[in-house]
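Visitor: Show me the folded form of this:
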Amino acid sequence: MKTILVPLDHTAAEATLAYANKLAVRWPAEIVVLYCHPDAEASAAVLMFEEQRLSSLVERLRYQQLTRHDGRRIRYRYRVLAGCLHDHVQTEALTCAADLLVMGLEHIDCDRQEAPGNHAAAITERVSCPVLVVPPGRRSLPTRLAFCANFTTLGLNILPRLAALEAAFPAPLDLVQFYAPTERPRRRQLLQGLRRASSHLGWTTTASHLLEDDAPLEGIGEFCARVQAQLLVIAPGSTAELLRYFDGCYRATSAYHTRIPLLVVRSAAPAPTTSCCDRCAERLSREAQTSQLPAAYRAALPA
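Guide: This next block holds a predicted model:
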């Protein structure tokens, strides 16, 4: 059974869940809805209330943009936890064996407002499955995709993860790589990397494009606009590289790639979980100090 993990907050939850619903019908897949309450000491009654809110939202959207037959086909599970999504998402993704994580571009975590995409960039470091970042607004599933990466250095282990999503996105896929003018002598090597990736990917319909541009982010936005791609797939080599896609200057100018969903596929193993705010840092510090005490002393400490 394929599983889509959908972390929600109370900002653009409807757009995120509506997109996940369409994916779940097409794939098909089960949806695990995850909500993390910002109060780490929230009572059971509060968490139960939040689960009821989630259930009401799910039932309303189940038939709002889908036919009644399709709406009935989707299976949902709910996970409502106290604390930060950053602290829980790695465990939850492993527990439900998530094949895909779908979250909003402007997701808010730990009651902390961030620039759009910053929380999503942090989440991709904590899970091994692909992460789909959905901008606000209603949209249909894509009829054309673009996959931008450095295919000469891209690990081939990343391609099966992407190929597994073909049933969810049965659309033509363009492989795109940009190179700077100084890299012209390497064109043959770059083309070989593109062909190798295409053969290992096994996507039904692919086209390869090797384009010269010393500003690849501007280039990929122009390429997606030209071919009218509705989803951009990237394989960033670092968090800094991923954050550049969400840079404020591109959002201020409404660059095309900021207005379509972004699918992030990471080949590296998830980084160790770290704190996402001062409150979490203090709690993790206390836990680390406690773990260094002798077992007899730990047993005597209050739970």
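
Visitor: Tell me the spacing between Val80 and Pro142.
Guide: From Val80 across to Pro142, the span is 31 Å (C-beta to C-beta, to the nearest Å). The way it works is simple: take the backbone N, C-alpha and C, and place the C-beta from them, glycine included.

Visitor: An error on my part: the question was meant for Leu159.
Guide: In this structure, Leu159 lies at 19 Å from Pro142, with C-beta to C-beta as the measure.

Visitor: do the same with Gly248
Guide: Summarising the geometry, the distance separating Gly248 from Pro142, computed by C-beta to C-beta, is 25 Å.

Visitor: out of those two, which sits in the busier spot?
Guide: Using other C-beta atoms under 10 Å, the more surrounded residue of Gly248 and Pro142 is Pro142, with 21 against 11.

Visitor: how about the residue nearest to that one when sequence neighbours are not counted, what does it touch?
Guide: In this structure, Pro142 finds its nearest non-sequential neighbour in Gln230, 3.5 Å apart by C-beta to C-beta, 6 or more residues apart in numbering. Applying C-beta atoms under 8 Å, 6 or more residues apart in numbering to Gln230 gives the contacts Arg139, Ser140, Leu141, Pro142, Thr143, Arg144, Leu145, Ile260, Pro261.

Visitor: now do 10 Å
Guide: 139-146, 169, 171, 224, 259-261 (C-beta atoms under 10 Å, 6 or more residues apart in numbering).

Visitor: For it, grab phi and psi.
Guide: With angles defined as degrees, to the nearest 10, Gln230 sits at phi -110, psi 0.

Visitor: how far away is it from Pro172?
Guide: When C-beta to C-beta is applied, the distance between Gln230 and Pro172 equals 11 Å.

Visitor: Between these two, which contacts overlap?
Guide: With contacts defined as C-beta under 10 Å, 6+ apart, the residues shared by Gln230 and Pro172 are Pro142, Thr143, Arg144, Leu145, Ala146.

Visitor: Show me which residues of stretch 144-159 are buried.
Guide: Using 16 or more other C-beta atoms under 10 Å as the test for burial, stretch 144-159 gives Arg144, Leu145, Ala146, Phe147, Cys148, Ala149, Asn150, Phe151, Thr152, Leu154, Ile158, Leu159.

Visitor: ok, now stretch 9-24?
Guide: When burial is assessed from 16+ other C-beta under 10 Å, stretch 9-24 yields the following buried residues: 9, 12-24.

Visitor: got the end-to-end distance for stretch 63-75?
Guide: For stretch 63-75, the first and last residues are 13 Å from each other (C-alpha to C-alpha, to the nearest Å).

Visitor: Helices of the stretch 201-303 of the chain, start to end?
Guide: Shown for the stretch 201-303 of the chain, the helices assigned by DSSP state H, counting those that start in this stretch span residues 216-227, 239-245, 248-252, 278-291, 295-300.

Visitor: for Asp214, what are its contacts?
Guide: Asp214 neighbours (C-beta under 10 Å, 6+ apart): Phe178, Tyr179, Ala180, Pro181, Thr182, Glu183.

Visitor: Quick one, which of those residues are buried?
Guide: When neighbours are counted using 16+ other C-beta under 10 Å, these contain these buried positions: Phe178, Tyr179.

Visitor: From the contacts of Asp214, which land in strands?
Guide: Members of the contacts of Asp214 lying in strands (criterion: DSSP state E): Phe178, Tyr179.

Visitor: Quickly check the contacts of Asp214 for the two that are furthest apart.
Guide: The widest separation within these, taken as C-beta to C-beta, falls between Phe178 and Thr182 and amounts to 12.5 Å.

Visitor: What are the boundaries of the strands in the protein?
Guide: Using DSSP E, strands in the chain cover 3-8, 30-37, 76-82, 100-104, 131-134, 145-148, 173-179, 206-212, 231-234, 262-264.

Visitor: Make a markdown table from the ones you listed and add mean pLDDT and distance to Glu218 to it.
Guide: Compiled in a markdown table, those are given as follows (pLDDT from 0 to 100; distance: least, C-beta to C-beta, whole Å):
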| stretch | mean pLDDT | distance to Glu218 |
| --- | --- | --- |
| strand 3-8 | 97 | 30 |
| strand 30-37 | 96 | 35 |
| strand 76-82 | 96 | 39 |
| strand 100-104 | 96 | 25 |
| strand 131-134 | 96 | 20 |
| strand 145-148 | 97 | 12 |
| strand 173-179 | 96 | 10 |
| strand 206-212 | 95 | 11 |
| strand 231-234 | 97 | 13 |
| strand 262-264 | 96 | 16 |
